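Student: Next input, structure requested:
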Amino acid sequence: MTSTTPSNQPGGRMTGGRALAEMLLLHQVGSMFGMGGFQLLPFYEAVRALGLRHHLINDERCGAFAADAYARITNRPGVCDGTLGPGATNLVTALVESLNAGVPVVAITGDSHRLHSWKNMTQESRQLDILRPAVKEVIRIEMAERIPELTRRAFAVATSGRAGPVVLDVPEDICHAQLDVPADAFWVDPATLTFPARRARPAMADLERAAALLATAERPLILAGGGVHLSAAATALTQFAEQLTIPVAHTLSGKGAIACTHPLAVGLFGRYSRFANELMERADCLLVIGCKLGEIATKRYTLPAGGAKLIHLDIAPEEFGRTTRADVALWGDAEAGLLDLAAALGGLPGGKRPQRADYVREIAERRQAWLAEALPRYRSDDRPIHMARMIGELNRQLPEDGILVADGGFAAHWAGLFFDTKAPGRTFVADRGLASIGYGLPGALGAQLAAPTSPVVGLTGDGGLNMVIGEIETARRVGANFTLMVVNNAASGYVKALQHAMYGSGNYQSSDLVETNYADVARAFGCRGIRVEDPADLETAVATGLRERDRPTVIDVVVTRDPARMLPAADNRALQVKAGDRPA
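Tutor: Presented below is the predicted three-dimensional model:
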């Protein structure tokens with residue numbers, strides 16, 4: 001008979017599903033997300049018996065999104081599951097997000113009984129062929145006795161090197177099998193409980209070359225990507241920037257690498273920029289950290305435009321030179337590389353740290369100039385509401401430990417440009433690995449469960465919410481009492497704005513949505529619902545949402561319907577886009 005008593009090394013006779021659950025217990029996993037089926041039933045029963053935290057999700061993609069956000073906030077691998085067939089294939093979009101963003105997720109998939117595979121079993125498909133390009137590795141368990149070993153491998157692969165998702169595929173007969181597992185089979189590698197599991201360090205000769213370039217630079221600039229957060233290197237980066245008086249620009253994924261309110265923070269660079277792009281043009285040395293220098297960061301490969309020397313620190317060597325030539329490539333972990341680079345600079349002759357007083361003064365002046373330009377939008381009384389006014393309210397009310405989860409599309413673009421983090425670290429989460437719409441709600445769910453005492457705000461569009469609206473019920477059921485702000489423009493706004501820019505006013509196709517009151521929808525789900533049409537009501541609405549801790553709150557914000565004013569550029573009403581380009 002299967003034991004139901006939790007222990008660190010259970011041993012004895014048990015199902016394959018129980019062995020899998022015992023390994024997850026040893027790996028100290030937190031909230032898990034999924035939807036069961038017959039193949040994984042013994043695993044679900046073991047999860048119940050062991051008291052693991054598992055949450056039924058209404059769509060497997062949302063479960064993987066929630067696991068992704070959970071991992072980003074905790075720096076621990078996220079865990080999700082899907083049963084045979086559509087359960088497994090529904091994971092694909094979210095797993096590609098995690099793969100491209102370097103986020104470790106262990107996705108458990110049920111599979112067909114091997115005795116009957118490829119005999120037209122219900123829901124059977126070539127799911128592993130479909131999933132394989134979406135993850136770092138597919139691990140299929142062919143012998144129940146290997147469940148502990150292969151579960152360890154799943155966590156090791158997910159958290160090592162450039163982190164990413166792993167599929168652990170469990171055939172029905174493996175999960176349901178009864179087997180005797182020796183107690184000494186149940187052990188974990190403590191390094192793989194968090195990520196990065198192991199920190200690789202750049203070669204000393206490369207560090208010395210990089211240090212020599214930085215030591216002689218007069219206008220250096222750091223470009224921080226999401227790899228800073230994956231390495232938990234925000235504090236190290238802030239200290240490095242302060243010691244050497246180097247300003248820091250960031251990508252959407254890198255926001256929070258240094259607090260946006262820090263005097264050396266210069267904001268977003270690339271497609272959208274406050275003034276960082278101008279600094280890039282005049283820089284004589286660029287230190288790129290944990291950034292792939294992709295399309296958005298390089299403004300479709302037109303940045304950096306100056307003749308600056310470029311130092312690239314990254315855990316993935318295949319990124320060196322992919323889009324931009326590096327004068328010095330530092331292959332290693334972001335935090336370890338920064339600490340070693342600081343040590344190398346400290347060993348150079350010359351003594352004092354650079355002050356760069358004129359450079360710092362210029363940054364302050366540019367910041368004030370941008371703020372003067374942006375203030376009318378932050379304070380706009382426009383009706384429908386200006387999105388900058390909404391983001392400005394979040395700046396005022398979200399505390400230092402507050403977390404903003406931004407959906408793909410407008411939510412990430414506007415928040416990336418206008419939202420300010422108040423401390424170094426991951427308090428801004430945007431799904432930029434694949435930039436899928438629909439991340440905002442499940443991402444906020446995962447973030448709130450990861451940080452139960454922190455106020456969490458999800459920012460999503462009406463189109464994105466429509467994709468995943470059933471997870472409002474999930475949030476209420478599991479007690480994830482975050483605030484969801486809906487950018488309600490009654491359109492697939494990004495597409496409509498692009499159509500306007502390319503084809504002119506009135507030439508819109510398949511980009512309009514029916515006007516929906518999402519506050520009413522929220523109330524139907526048993527949540528608090530607030531609709532805001534007057535910008536003067538934003539302050540009270542946000543305060544109410546942040547104060548509500550007994551149920552989720554949905555704030556439906558009616559924003560501009562004018563496609564000429566939907567993009568977060570300084571003034572895009574006269575914007576024209578030529579074929580082959582796009583403004584975001």
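
Student: Return the alpha-carbon coordinates of the helix or strand of the chain with the lowest mean pLDDT using PDB.
Tutor: Lowest mean confidence among the helices and strands of the chain (mean pLDDT, DSSP states H and E): helix 493-503, at a mean of 90. What follows is helix 493-503, C-alpha atoms only, in PDB (Å, rounded to 0.1, in the frame of the first residue of the first chain):
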ATOM      1  CA  GLY A 493      -4.800  48.800 -30.000                       C
ATOM      2  CA  TYR A 494      -1.300  48.100 -31.200                       C
ATOM      3  CA  VAL A 495      -2.500  46.700 -34.500                       C
ATOM      4  CA  LYS A 496      -5.000  49.600 -35.000                       C
ATOM      5  CA  ALA A 497      -2.200  52.100 -34.300                       C
ATOM      6  CA  LEU A 498       0.000  50.400 -36.900                       C
ATOM      7  CA  GLN A 499      -2.800  50.400 -39.400                       C
ATOM      8  CA  HIS A 500      -3.300  54.100 -38.800                       C
ATOM      9  CA  ALA A 501       0.400  54.800 -39.200                       C
ATOM     10  CA  MET A 502       0.800  52.800 -42.400                       C
ATOM     11  CA  TYR A 503      -2.600  53.300 -44.200                       C
END
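
Student: Report all helices and strands that that helix contacts.
Tutor: In terms of contacts (3 or more Cβ pairs under 8 Å, 6 or more residues apart in numbering; DSSP states H and E), helix 493-503 is packed against helix 410-418. Where you see a C-beta, it was placed from the backbone N, CA and C, and this is true even at glycine.

Student: how far is the helix it packs on from where the chain is centred?
Tutor: Mean-position distance between helix 410-418 and its chain equals 14 Å (Cα atoms, centre = their mean, to the nearest Å).

Student: Would you mind identifying the next helix or strand past it?
Tutor: Under the assignment DSSP states H and E, the closest C-terminal helix or strand after helix 410-418 is strand 428-430.

Student: residues near the closest residue in space to T83 that isn't next to it in sequence, how many?
Tutor: In this structure, T83 finds its nearest non-sequential neighbour in G37, 2.7 Å apart by Cβ to Cβ, 6 or more residues apart in numbering. By other Cβ atoms under 10 Å, 19 other residues sit near G37.

Student: If I follow the layout properly, G37 ends up in contact with D81?
Tutor: No. Taking Cβ atoms under 8 Å as the definition, G37 is not a contact partner of D81, at 9.3 Å.

Student: Mind listing the shared neighbours of the two?
Tutor: By Cβ atoms under 8 Å, 6 or more residues apart in numbering, G37 and D81 have these common neighbours: G87, G110.

Student: Go through the protein and flag its longest helix.
Tutor: Longest helix in the chain, counting residues (DSSP state H): helix 357-378.

Student: any idea how far the helix or strand following it is from the chain center?
Tutor: Next along the chain after helix 357-378, taking DSSP H and E as the criterion, comes helix 387-397. Centroid separation for helix 387-397 versus its chain: 21 Å, with Cα atoms, centre = their mean.

Student: What are the neighbouring residues in contact with A444?
Tutor: Here A444 is in contact with A69, V405, V456, V457, G458, A475, A480, F482, L484 (criterion: Cβ under 8 Å, 6+ apart).

Student: How about Y494: what's its closest non-neighbour residue?
Tutor: The nearest residue in space to Y494 (Cβ to Cβ, 6+ apart) is G409, at 4.5 Å.

Student: Now for that neighbour, how many residues are close by?
Tutor: 25.

Student: A491 is in contact with that one, correct?
Tutor: No. G409 is beyond contact range of A491, at 10.9 Å (criterion: Cβ under 8 Å).

Student: list the residues that contact both of these two?
Tutor: With Cβ under 8 Å, 6+ apart as the test, G409 and A491 both reach G463.

Student: Contact partners for A236?
Tutor: A334, E335, L338, L339.

Student: mind checking how far the second one is from M204?
Tutor: Meaning E335. 17 Å (Cβ to Cβ, to the nearest Å).

Student: and these two? which has more neighbours close in?
Tutor: More crowded of E335 and M204, by other Cβ under 10 Å: E335, with 23 against 11.

Student: Any figure for the gap between the residue lying closest to that one once chain neighbours are set aside and V405?
Tutor: The spatial neighbour of E335 that comes closest, neighbours along the chain excluded (Cβ to Cβ, 6+ apart), is A233 at 3.7 Å. Taking Cβ to Cβ as the measure, A233 and V405 are separated by 21 Å.

Student: next one: A388
Tutor: 19 Å.

Student: More neighbours: which of those two?
Tutor: V405 (33 against 20).

Student: by contact count, what packs against whichever strand or helix holds the more buried one?
Tutor: Assigned by DSSP H and E, V405 belongs to strand 403-406. Applying 3+ Cβ pairs under 8 Å, 6+ apart, one finds that strand 403-406 contacts helix 410-418, strand 428-430, helix 440-450, strand 456-461.

Student: so which of the ones you listed comes closest to L52?
Tutor: Proximity to L52, assessed across the helices and strands packed on strand 403-406 by Cβ to Cβ, is greatest for helix 440-450 (13.2 Å).

Student: Let's see which of the contacts of A236 end up in helices.
Tutor: If you go by DSSP H, the contacts of A236 have A334, E335, L338, L339 in helices.

Student: Of the residues you listed, just say which sits nearest to A305.
Tutor: A334 (24.9 Å).

Student: Of the helices and strands packed on strand 403-406, which is nearest P535?
Tutor: helix 410-418 (14.6 Å).

Student: Give me the residues contacting the closest one.
Tutor: Outside helix 410-418, the residues touching it (Cβ under 8 Å, 6+ apart) are 252, 255, 267-268, 272, 274, 374, 377-378, 387-388, 391-392, 394-395, 404, 406, 428, 430-432, 435, 440, 459-461, 464, 487, 489, 493-494, 566-568, 584.

Student: same question for the longest helix of the chain, mean pLDDT?
Tutor: What helix 357-378 shows for mean pLDDT is 96.

Student: which residues are contacting that helix?
Tutor: Applying Cβ under 8 Å, 6+ apart, the external contacts of helix 357-378 come out as 218-219, 245, 247, 263-264, 266-267, 274-275, 278-279, 386, 388-389, 391-392, 418, 570.

Student: Show the buried residues in these.
Tutor: By neighbour count, with 16 or more other Cβ atoms under 10 Å, the contacts of helix 357-378 hold 219, 245, 247, 264, 266-267, 274-275, 279, 386, 388-389, 391-392, 418 as buried.

Student: farthest-separated two in the residues you listed?
Tutor: T245 and H386 (35.7 Å).

Student: Tell me where the stretch 101-250 of the chain has strands.
Tutor: 105-111, 137-140, 166-171, 178-181, 220-224, 248-250 (DSSP state E, counting those that start in this stretch).

Student: what's the spacing between the closest residue to A334 other than its chain neighbours and R198?
Tutor: Of all residues not flanking A334 in the chain, S231 sits nearest, at 3.7 Å (Cβ to Cβ, 6+ apart). Using Cβ to Cβ, S231 is found at 12 Å from R198.

Student: Same drill for those two, tell me which one is more crowded.
Tutor: Neighbour count, other Cβ under 10 Å: between S231 and R198, S231 has more, with 27 against 14.

Student: Would you agree H229 is in contact with R72?
Tutor: Yes. Using Cβ under 8 Å, H229 makes contact with R72 at a distance of 7.0 Å.

Student: Now the common contact residues for the two.
Tutor: Counting by Cβ under 8 Å, 6+ apart, the residues touching both H229 and R72 are R426.

Student: from the chain's centre, how far out does stretch 186-203 sit?
Tutor: So, by Cα atoms, centre = their mean, the centroid of stretch 186-203 is 21 Å from its chain's centroid.
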